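1. just a sequence and a predicted model for now, questions to come.
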Amino acid sequence: MQAIRVQKTGGPEVLELVDLPTPSAKADHALVKVSAAGVNSIDAQFRDGRLHTPLPFIPGQEGSGVVTAVGPQAKVVKVGDRVAWSGTLGSYAEYVVVPEEHLVPVPVSITDEQAAAAMVHGLTAHYLVSDAHKLKPGETALVHSAAGGVGLLLVQMARAIGAHVIATTSSDEKAQLAREAGADEVIVFTRQDFEPEVKRVTGGQGVDVVYDGVGKATFEKNLNVMRRRGMLVLYGMSSGAVPPVDPAKLSEKGSLYMARTTLAHFTATREELLARTSALFAMIADGKLKLRIARKYPLREAALAHRDMEARRVSGKLLLLP
Amino acid sequence: MKAIQVKQAGGPEALELVDLPIPEPKANEAVVKLAASGVNFIDVYFREGRYKAPMPFVLGQEGAGVVTAVGSAVNSVQNGDRVAWTGLLGSYAEYSAVPADRLVPVPAGVSDQQAAATMLQGMTAHYLSHDTYPLKRGETALVHAAAGGVGLLLVQMAHNIGARVIGTVSTEEKARLARAAGADEIIPYTQTDFEAETKRLTGGKGVDVVYDSVGKTTFEKGLNILRPRGMMVLFGGSSGAVPPFDLIALSQKGSLYVTRPTLAHYIATREELMVRSGAVFGMIAQGKLKLRIEHTYPLSEAQQAHRDLEGRKTTGKLLLIP
């Protein structure tokens, strides 16, 4: 089968197209013929070695496809099932073996591309507003990178809940996307300091919650724009890791709450995973959640996809189609 | 009037008994004739200069008594009212002028000494268990220093809510007190590693919340005993301040929440102050919250009170009676 393989860590150029034997499904795993693989920033972290996994490896954490074989202990999926997954490495390939507990059914009302595009970003947005900080109608949320993969979904979900959304983006084009997604206020942070602007827009009160996937570049200011006892949910670090935090700051700035979250802890049981994916796919099928698939690449152009992603040229999801 | 003043930072000897004029209330203040003043560790921090106040100042942050004069703009209290307050310096005295919006009524079923003994620690235990992490029946809380001032009140409140309480203590005597307050399990942390023991007691699952007033020596291990998405509530630092911590650890250990609350942010509005003090006084009047007043001292023995407090042999509240 064709696959993208990383032999040594490095820049996008280490993503090589190779021919490999098709893997086989053992135990309670399933072999899936990949229809679409989602590209995520975590893929770049594995590719360049910031996150560790034994070499060589096939990158890609997210995809959709059809089950073509199951291992002897598989119980919940069968050959022919349309499935999607996140959290298992190897989707940048024609076939991938996935533990069946990570596979979720894809309803007929969703395309393979929608499913692959929605898993990581959609589940992330869903857990952020439903559980990490359960957003309530009337609350005000600050969403950074609002035109990013998670951002656009987060803005839509927050508005659907009835919260007010203040969004930050890096350009006017992205600001327009954030507005179309429903943001009430958009701050182009390359032109305007979001701290005084958020304070102005909230009448000095601050926001109830900040959903931040940026990390280092926004951390300090985030602490200054929250209301007393507000919540900062850090779900990513696209600008780099936040340096160690002095807890005294949290009390000083208003007895703030902070969480540093990862998707795995919000899809830890199959029950939770299925509940989230059902909710997510239903929103997409109903047209209530719009996915923006920015660009689709053939598998062999994985390196280009990574270059585009890292240059932040694209707003929306990138897919690889084997 | 007699008062205890600090003219320069130092040990207990920095507490001087002085004669001062009885204060006159400003327009928004009332003057209270004190029946009792609570002695708290925060008094030690002010006395030592760890927390700053312009010198000379009258020490003490917690008091109860009767209103004897009101300022021209005050409508919420009148002469003769029984009141209590916390959070403002000046209670180690026969009289204190207090902003009227910080005074709460003391109901008939609560004595002056009980009021002075619970404003600070009682409201702290209340906000921790009812707001910072609102405990639910069946949840498990770990309470450090379970026989401390806040500890014994927090254990009782958690127990009354129906939570399972694991308390850590340093002596057999304190273990006895914590059990009597309702702790289900006691870990003598000087003999037993509380991390290993808590894991054992929770079947490896971890606790829902850690209430930590100890800080430096307990924080890291506390993160290891939380269930996924559990909360670390750091509300003090008796063993020292917690140094800056790495956020990635929070995500790796279970997408944990951290907060470092202070009482002021939980009684910031008059409404909140009234509700919270009312709840605590209600618990006392109904016999649901038991207090231990260890010792009362005349104002002239404030130095001894501080020596006794710092000696860490006391397990109940210390009061100054002017």
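-> Arrived safely, thanks for sending.
2. A:Arg47: what's it in contact with?
-> A:Arg47 is in contact with A:Val6, A:Thr9, A:Gly10, A:Gly11, A:Pro12, A:Val14, A:Leu15, A:Pro59, A:His306, counting by CB atoms under 8 Å, 6 or more residues apart in numbering or on different chains. C-beta coordinates here come from the backbone N, C-alpha and C atoms, glycine included.
3. for A:Ala36, same thing?
-> Going by CB under 8 Å, 6+ apart, A:Ala36 touches A:Gly63, A:Ser64, A:Gly65, A:Asp112, A:Glu113, A:Ala115, A:Ala116, A:Ala117, A:Lys296, A:Leu319, A:Leu320, A:Leu321.
4. name the nearest of the residues you listed relative to A:Met226.
-> Top of the list for closeness to A:Met226, among the contacts of A:Ala36 and by CB to CB, is A:Ala117 at 31.4 Å.
5. now the closest residue to A:Thr53 other than its chain neighbours: phi and psi?
-> If the residues on either side of it in the chain are set aside, A:Thr53 comes closest to A:Phe46, at 5.7 Å by CB to CB, 6 or more residues apart in numbering or on different chains. Phi and psi for A:Phe46, reported as degrees, to the nearest 10, are phi -70, psi -40.
6. near chain A, which residues of the stretch 101-250 of chain B show up?
-> Neighbours of chain A within the stretch 101-250 of chain B, by CB under 8 Å from any CB of the partner chain: B:132, B:219, B:228-229, B:234, B:241-248, B:250.
7. show me how to select, in PyMOL, the buried members of these.
-> Taking 16 or more other CB atoms under 10 Å in any protein chain shown as the burial criterion, the selection of buried members of these in PyMOL is written as:
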select buried, chain B and resi 132+219+229+234+242+245+247+250
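8. what about stretch A:258-277, near chain B?
-> Yes: applying CB under 8 Å from any CB, one finds stretch A:258-277 touching chain B at A:Met258, A:Ala259, A:Arg260, A:Thr261, A:Thr262, A:His265, A:Phe266, A:Ala268.
9. filter those residues down to the buried ones.
-> A:Met258, A:Ala259, A:Arg260, A:Thr261, A:Thr262, A:His265, A:Phe266.
10. isn't A:Thr140 up against A:Thr202?
-> Yes: look at A:Thr140 against A:Thr202 with CB atoms under 8 Å: they come within range, at 6.1 Å.
11. so what sits against both of the two?
-> Common neighbours of A:Thr140 and A:Thr202 are listed as A:Ile166 (criterion: CB under 8 Å, 6+ apart).
12. helix or strand: which one has B:Ser277?
-> Per DSSP states H and E, B:Ser277 falls inside helix B:270-285.
13. check which helices and strands that helix sits against.
-> Under the contact criterion of 3 or more CB pairs under 8 Å, 6 or more residues apart in numbering or on different chains; DSSP states H and E, helix B:270-285 touches strand B:104-105, helix B:112-127.
14. of all the ones you listed, which one is nearest A:Thr218?
-> helix B:112-127 (28.8 Å).
15. now the angle from the closest one to helix B:270-285?
-> 120 degrees (axes from the mean of the first three to the mean of the last three CA atoms, to 10 degrees).
16. using CSV, write out every CA atom in helix B:112-127.
-> The C-alpha trace of helix B:112-127 is given here as CSV (Å, rounded to 0.1, in the frame of the first residue of the first chain):
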residue,chain,number,x,y,z
ASP,B,112,-20.3,36.6,69.8
GLN,B,113,-17.4,34.2,70.3
GLN,B,114,-18.8,31.7,67.8
ALA,B,115,-19.2,34.6,65.3
ALA,B,116,-15.7,35.9,65.8
ALA,B,117,-14.3,32.3,65.6
THR,B,118,-15.9,31.4,62.3
MET,B,119,-16.2,34.5,60.0
LEU,B,120,-12.8,33.8,58.3
GLN,B,121,-12.3,30.1,58.6
GLY,B,122,-16.0,29.2,58.4
MET,B,123,-16.7,31.2,55.3
THR,B,124,-13.4,29.8,53.8
ALA,B,125,-14.6,26.2,54.4
HIS,B,126,-18.0,27.2,53.0
TYR,B,127,-16.8,28.7,49.7
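17. and the strands in the stretch 101-250 of chain A?
-> With strands called from DSSP state E, counting those that start in this stretch, the stretch 101-250 of chain A shows them at A:104-105, A:140-143, A:164-169, A:185-188, A:207-212, A:226-234.
18. so which of those gets nearest chain B?
-> For chain B, the closest of the strands of the stretch 101-250 of chain A is strand A:226-234, at 5.2 Å, according to CB to the nearest CB.
19. strand partners (parallel or antiparallel) of the closest one?
-> According to DSSP bridges, strand A:226-234 forms sheet pairs with strand A:207-212 (parallel), strand A:257-260 (parallel).
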